[in-house]
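what follows is a protein structure lacking sequence information:
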């Protein structure tokens, strides 16, 4: 097996790994980037596929929302798309329930307390006596997020228990909280209440950009192909289709081994999904510090999720929004009308006179059969959009995945941080613990930038600016200021 060297090896070519490699390469530090798949992007990536009639298209692991407060993700995208014209805005993010119940975030004020007042005004079940029954003491915790105190107080509690304590009316809870909690792939009964409070702060109460988001105009592969081309121009050795199966730490740095080569480096960044990271650390446990192996073993993926893309021979009704979150329709969590989101699906729908509809279901019981999941999702689609009952499924893609990180009660202190106990090894991904609230794609990119900055500092390079929302909620900030004045 040939042996080579690099200053830094990044294992994992998703958003976290790309962000790490970009920060280092832009500062002239030699990087080798390993990715097991034949494409970059990780769980946000896309791969070429072909329909049965020969039509080429790109498939990915489901619709992604590019929220406007994803500051580091947008900064990464601007490297290859300065005007961000790959994105286009949706006018709303509606949440629908049976019997005509609906919530909308269109034109929602972005400043507190006007934001909260408007949400209450738009929610009929939060008026009069129902509003008086709400636990103000528990609800106010959403405005008091603190990166230390919130986890100390709430991390032992399940998200479902916290939502129960709020005593919100059933309809308001379903529309405003249950859909939101489920969006992080974790079931409420096995999701940290502290993590849920962090998400309330990150997406809502600490976010001045609003909850309406942008979507990609083109397949995600367009973005990741451009990022890969930039990395290569910067001198990054990109090793796609090459799984790293062992990593060893030694006094001078690290050695990583793939199926094709062995590479020595001064530093390594493991930017993998939770299952892949656990597998790599398990196969390398004799060459890694015990505490790192134990921390990796403590990580877990959450319950599976399903993405089902349907190519229908008839269009959905023109009034249907491009994307809706759902509650009360069984396991169905959201519906996307793809021809209203991106050009590839639009071209197919125009040519065939049909629609490309994508259904998502999160935190699925792993004991369920694929057949039962399909039946329930299709029944929910027909109930939500009755015009689809007569449509025939021309083509489909059904994905069942279980590799998103779990954020279980009591796990926060045990969670890996970007810096490990070994000065040569770092971690990046949407599972790591950060010093400020973040989530999903934004957490992945932010962790990658932090890892890149930490290593770049060892070479005497200037850091990449790290953009993020306020670390604390508005009431926590006020309390901190009052404490300072009092002292």
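Cool, the structure landed. As the structure is a computational prediction, the values presented were derived from the model and not from experiment. Residues are numbered from 1 along each chain as shown.

C-alpha only now, for contacts and for neighbours.
Noted.

how many neighbours does residue 47 have?
17 (other Cα atoms under 10 Å).

I'd like the average pLDDT over the helix or strand where it lies.
Using DSSP states H and E, residue 47 falls within strand 46-50. For strand 46-50, the mean per-residue pLDDT is 97.

so what pLDDT did residue 202 get?
95.

same question for residue 289.
93.

what does residue 310 give?
pLDDT, residue 310: 98.

and what of the one 5 residues further on?
Looking at residue 315, its pLDDT is 97.

going forward, count from 9.
Understood, numbering begins at 9; the last thing we discussed is residue 323.

return the residues in contact with it.
357, 361, 362, 363, 396, 399 (Cα atoms under 8 Å, 6 or more residues apart in numbering).

need phi/psi at it.
For residue 323, the backbone dihedrals (degrees, to the nearest 10) come out as phi -80, psi 150.

out of the contacts of residue 323, who's nearest residue 211?
residue 363 (30.6 Å; Cα to Cα).

if we can go back for a sec, what's the spacing between the strand holding residue 55 and its chain's center?
Offset of strand 54-58 from its chain centre (Cα atoms, centre = their mean, to the nearest Å): 21 Å.

partner strands of that strand, parallel or antiparallel?
Note on strand 54-58: by DSSP bridges, its sheet partners are strand 64-68 (antiparallel).

can you give me how far the strand it pairs with is from the chain middle?
20 Å.

can you list the strands that whichever helix or strand comes after that strand pairs with?
Using DSSP H and E, the helix or strand that follows strand 64-68 in sequence is strand 74-75. Counting by DSSP bridges, the strands paired with strand 74-75 are strand 221-224 (antiparallel).

the strand it pairs with: how far from the chain's middle?
14 Å.

picking that back up, what does the strand holding residue 55 rub up against?
Outside strand 54-58, the residues that reach it (Cα under 8 Å, 6+ apart) are 47, 64, 65, 66, 67, 68, 69, 227, 228, 229.

6 Å instead?
With contact meaning Cα atoms under 6 Å, 6 or more residues apart in numbering, strand 54-58 is reached by 64, 65, 66, 67, 68, 228, 229.

could you pull up the residues touching the third one?
With contacts defined as Cα under 6 Å, 6+ apart, the neighbours of residue 66 are 55, 56, 57.

would TSV of those with distance to residue 269 be doable?
Shown next, in TSV, are the contacts of residue 66 (distance: Cα to Cα, whole Å):
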residue	distance to residue 269
55	25
56	27
57	29
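
just curious, which of the residues you listed is nearest to residue 177?
Using Cα to Cα, those come closest to residue 177 at residue 55, 43.4 Å.

could you chop this structure up by domain?
Following automatic domain parsing, the chain resolves into domains at 9-96+227-307+416-495, 121-213.

how far off centre is the last one?
Shown here is domain 121-213, whose average C-alpha point lies 20 Å from the average C-alpha point of the whole chain (Cα atoms, centre = their mean).

how about residue 428, nearest residue that isn't a chain neighbour?
residue 434 (5.6 Å; Cα to Cα, 6 or more residues apart in numbering).

for that neighbour, grab phi and psi.
According to degrees, to the nearest 10, residue 434 has phi -130, psi 160.

is it true that it touches residue 277?
Yes - Residue 434 lies in contact with residue 277 (Cα atoms under 6 Å); the separation is 4.6 Å.

what sits up against stretch 476-485?
Counting by Cα under 6 Å, 6+ apart, 151, 152, 153, 154, 444 sit against stretch 476-485.

returning to what we had before: list the buried residues for the strand holding residue 55?
Neighbour counts over strand 54-58 (16 or more other Cα atoms under 10 Å) mark 54, 55 as buried.

so which residues of the stretch 209-358 of the chain form helices?
228-241, 282-291, 298-306, 351-360 (DSSP state H, counting those that start in this stretch).

wait, the stretch 59-208 of the chain
79-86, 122-130, 137-140, 144-147, 157-162, 167-174, 178-181, 187-190, 201-208.

elements contacting the fifth one?
Secondary structure elements in contact with helix 157-162, counted by 3 or more Cα pairs under 6 Å, 6 or more residues apart in numbering; DSSP states H and E, are helix 201-208.

quick check: which ranges of this structure have low pLDDT?
9-13, 118-128, 130-136, 139, 486-495 (pLDDT under 70).

need the longest helix for it.
helix 448-466 (DSSP state H).

tilt between it and helix 79-86?
Using axes from the mean of the first three to the mean of the last three Cα atoms, to 10 degrees, one finds that helix 448-466 and helix 79-86 are set 80 degrees apart in direction.

buried set for helix 448-466?
449-464.

packing partners of that helix?
Using 3+ Cα pairs under 6 Å, 6+ apart, helix 448-466 is in contact with helix 23-33.
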